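> no sequence for this one, just the structure:
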Ligand code: ADP
Ligand code: MG
């Protein structure tokens, strides 16, 4: 059987994603290899497909016990014999699985790295005709990665016990140091490195000026009420708070953070994966290894510390290849807050490094050019285009204005307020002074007597606040954390003296749901209503089988079904994502719903 035939038969896909074929071939040829593909690049298939094409067992090492069941369910849904062993299953069930492994009944076995150290496990494995080892999330072996797991170092023992068995290491982490660690600790033998492009064309990157963040988030999520999303925040309280606010607004959301019990976390994750809730509001503790393919948006509610983490987290959107949004809520005050935290770091080397990483993150937030090109070049890849056509800046060039004069007004006003009162104020009051607004405090503090009172009527309040944001980002002013009062930095003072110029983008607000591009519309084909019905059917079937809905069919497959409306086995099988087993299991039910829809 060719790889292409097997791809369609077992997984229902018509073509390989970049490098999948090459990697699978290397595996079949018995070579050691390192596969570096972005999240959503389709890494699992690179070892799953060869496992179906060769006799014997493929052992898959995966870090997260909680997700193994989903991975195995997804394979089982395609009629592939797979199982897992971990601490979550009881003794009887484990004994039954071990016996079946002895009989050679499985193609794939998933284990956590801890299993390698279970007494007798390696011995027992000798009877299983082990053909291949796949190490998923292989960056966990490296301390330089973002997710070091000491247990991964145990894999050396596995390697020694099965010296002749080829190993495929897989990760989405791109840094050279991590790559070298993987090759070293897993003792890969002259491995071929397969390095895919980290570009994710279906992800749309945008930055929204954060001004009334809760309202902005609620309106963004409401415009996508049926879609799944992840909202990353920087604190537990915020995660809990936003989950409540979204739920009150009619969007079922749950928090996920280190302050919850493991049971609560697992439960909330489960609800999300099963499409019982729409949104998870999470601290960074959430997301690695989650295979839910229909996450339609990832919002960063607070500015992340670096682009590495940011890119990793945005990557969890749109694994099915359908258009998805990656949105950063940003304002200068958040930037100032991050800088403040970094200044408290006692270790100079760490502090310098953190500052460097943050600066890049802030550059990304403020840049007026193509964001995708910036991200790709940051990760050492040349962008194939200057404008990608799918980030906010490419879709609508930001209106940059010369803010030099306005900045001078603002800085000198800040200087005078302080000189007069001996204290500073927050951004809102300062802007009121500039715009000549009246308030009780204005007269009480005598700020209406300042020479800078009312000299800034050329901008609206929002526009002034956008400039404040830019000045904070540029580090010309700082914000005291607790009372949010502003003060001039030495850099700002120098900028004022030298008349340094500055440009800033006029505020851009959260837009309603974006219009689809013509190319996307083909995919949707105006059949939203049928899609909704198929989605309901999918949920019912998934619940009955106790598996996540995306395991039945991905959103991409549902979209194709809604567009192509197959009415017989052959045309149903022709849809991408439908393999033989799924045709048999689900074909009838889906075709009945489609026929019903067409008859109505
Ligand atoms: P990764 O582990 O690299 O993040 P996954 O293996 O989880 O990616 O795959 C992401 C999604 O892409 C899954 O929903 C998978 O079914 C789908 N997929 C993988 N290969 C293909 C392909 N060749 N054609 C279409 N979809 C694919
Ligand atoms: Mg994966």
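The structure has been received and is ready for your questions. Values in this document were obtained by computation on a predicted structure and should not be read as measured data. Numbering: from 1, shown residues only. Ligands and ions are numbered 1, 2, ... in the order given.
> which phi and psi does residue 391 have?
Main-chain dihedrals, residue 391, degrees, to the nearest 10: phi -130, psi 160.
> actually residue 234, sorry about that
Dihedral angles for residue 234 - degrees, to the nearest 10 - are phi -100, psi -10.
> Then residue 253?
phi -140, psi 150.
> That one reaches residue 280, doesn't it?
Yes. Counting by C-beta atoms under 8 Å, residue 253 touches residue 280, with 7.0 Å between them. For glycine as for every other residue, the C-beta is placed from the backbone atoms N, C-alpha and C.
> who touches both of these two?
Jointly contacting residue 253 and residue 280 under the rule C-beta atoms under 8 Å, 6 or more residues apart in numbering are 231, 243.
> Spell out the residue ranges of the helices in the stretch 401-550 of the chain.
Counting by DSSP state H, counting those that start in this stretch, the stretch 401-550 of the chain has these helices, from start to end: 404-421, 427-435, 440-445, 461-474, 490-498, 518-524, 528-545, 549-552.
> Tell me which of the ones you listed lies nearest to ligand 1.
Taking C-beta to the nearest ligand atom, helix 549-552 is the member of the helices of the stretch 401-550 of the chain nearest to ligand 1, at 6.8 Å.
> Next one: the closest one, is it in contact with ligand 1?
No. Applying C-beta under 6 Å from any ligand atom, one finds helix 549-552 separated from ligand 1 by no less than 6.8 Å.
> where's that helix relative to the chain centroid, distance-wise?
Helix 549-552 sits 19 Å away from the centroid of its parent chain (C-alpha atoms, centre = their mean, to the nearest Å).
> for stretch 274-285, same thing?
How far stretch 274-285 lies from its chain's middle: 12 Å, per C-alpha atoms, centre = their mean.
> before we move on, what about stretch 467-480?
Offset of stretch 467-480 from its chain centre (C-alpha atoms, centre = their mean): 28 Å.
> how near is the residue of the stretch 251-400 of the chain found nearest ligand 1 to residue 577?
Ligand 1 sits closest to residue 293 of the stretch 251-400 of the chain, with a gap of 3.6 Å, by C-beta to the nearest ligand atom. Taking C-beta to C-beta, to the nearest Å as the measure, residue 293 falls 10 Å from residue 577.
> Comparing those two, which residue is more hemmed in?
residue 293 (23 against 20; other C-beta atoms under 10 Å).
> so residue 331 touches residue 208, yeah?
No. Contact criterion C-beta under 8 Å: residue 331 and residue 208 do not qualify, at 9.4 Å.
> ok, those two, which is more surrounded?
Comparing residue 331 with residue 208 by other C-beta under 10 Å, the one with more neighbours is residue 331, at 24 against 21.
> overlap in contacts of residue 293 and residue 577?
554, 556.
> Ramachandran angles for the closest residue to ligand 1 within the stretch 451-600 of the chain?
With C-beta to the nearest ligand atom, the shortest gap between the stretch 451-600 of the chain and ligand 1 falls at residue 554, namely 5.2 Å. Per-residue torsions, residue 554: phi -80, psi 160 (degrees, to the nearest 10).
> So the closest residue to it other than its chain neighbours: helix, strand or coil?
With sequence-adjacent residues excluded and distances taken as C-beta to C-beta, 6 or more residues apart in numbering, residue 554 is closest to residue 320, at 4.3 Å. Of the three states, residue 320 takes coil under DSSP: H, G, I helix; E, B strand; the rest coil.
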